[in-house]
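In: Predicted coordinates and the sequence they were generated for:
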Amino acid sequence: MNLAREVLRSEEEIAQRITQLGRQITSDLEGKELAVLGVLKGSFVFVADLIRSIRLPLQVGFLEITHSQKSDYLTEILFYSSFRVEGTNLLIVEDILDTGITLAYLQEQLAARGPRSIRICTFLDKPDRRKVDIQPDYVGFPVPNLHVVGYGLDYEGRFRNLPYLGYVQ
Ligand code: IMP
Ligand code: MG
């Protein structure tokens, strides 16, 4: 398994897109306070950059979920950060929207905790792979049906530290 030479998205492209996303989120939620909830592990790099492009008061938390080995369906939220979801303007931040099962599950679980609003921001979107209907509010980049790595995303736990977005083959 080799890392392809092709860079799907360069560091510069990523930085520019995140600046745009931050501006859009700032203007959409003007006058409000945000609760940013990143889905570990893949989103941690994106969250770190995204929050610094949002000019609103905000708090940050993370959660991690486990996937069932037997099916695509999820089993549980592994851990859950300390802020209260109730009454917040929640922004769920994911690395990649693939089948949509993860985000659909999280949206349902978090909605039950009574946030004022829920928005979804995903760094990447693989629309061809969707199994459940889910509409993200903010998408960094659409990507083709490849296993992408870097900028927080892994293949078997590796490559999260690449500063750009590539793919394995
Ligand atoms: P979904 O529930 O199928 O939407 O799964 C999304 C999760 O699968 C993401 O949070 C990633 O952890 C993982 N994933 C899906 N595609 C890729 C990829 O191309 N590279 C790295 N992780 C991926
Ligand atoms: Mg993930």
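Out: Yep, that arrived. Ligands and ions are numbered 1, 2, ... in the order given.
In: buried ones in stretch 104-119?
Out: 104-107, 109-110, 115, 118-119 (16 or more other C-beta atoms under 10 Å). (Glycine included, C-beta is placed from N, CA and C.)
In: chain center to that stretch, what's the gap?
Out: Centroid separation between stretch 104-119 and its chain, computed with C-alpha atoms, centre = their mean, to the nearest Å, is 15 Å.
In: Next, the residue nearest to residue 154 when sequence neighbours are not counted: phi, psi?
Out: Leaving aside its sequence neighbours, residue 154 sits nearest to residue 160 (C-beta to C-beta, 6 or more residues apart in numbering; 5.0 Å). Dihedral pair for residue 160: phi -60, psi -30, per degrees, to the nearest 10.
In: With residue 36 instead?
Out: Residue 36 adopts backbone torsions of phi -90, psi 120, taken as degrees, to the nearest 10.
In: In contact with it, which residues are there?
Out: 47, 50-51, 54, 58-61, 91, 93 (C-beta atoms under 8 Å, 6 or more residues apart in numbering).
In: ok, what's across the strand from it?
Out: residue 60, residue 91 (DSSP bridges).
In: where does it land on pLDDT?
Out: pLDDT recorded at residue 36 is 98.
In: measure it to residue 126 for me?
Out: From residue 36 over to residue 126 the distance is 23 Å, taken as C-beta to C-beta, to the nearest Å.
In: before we move on, back to that, top of the contacts of residue 36 by neighbour count?
Out: Neighbour counts for the contacts of residue 36 peak at residue 91, which has 27 neighbours (criterion: other C-beta atoms under 10 Å).
In: Residue 82: which of the contacts of residue 36 is nearest?
Out: residue 61 (6.6 Å; C-beta to C-beta).
In: which non-adjacent residue is nearest that closest one?
Out: Nearest non-adjacent residue to residue 61 (C-beta to C-beta, 6+ apart): residue 81, at 2.9 Å.
In: where exactly do the helices run in the protein?
Out: For the chain, the helices defined by DSSP state H cover 11-28, 44-51, 101-111.
In: between those, which gets the lowest average pLDDT?
Out: When I compare the helices of the chain, helix 101-111 is least confident, with a mean of 92.
In: Any stretches of the chain with poor pLDDT?
Out: For the chain, applying pLDDT under 70 flags the ranges 1-5, 68-75.
In: measure the residue nearest to residue 154 to residue 89 for me?
Out: 28 Å.
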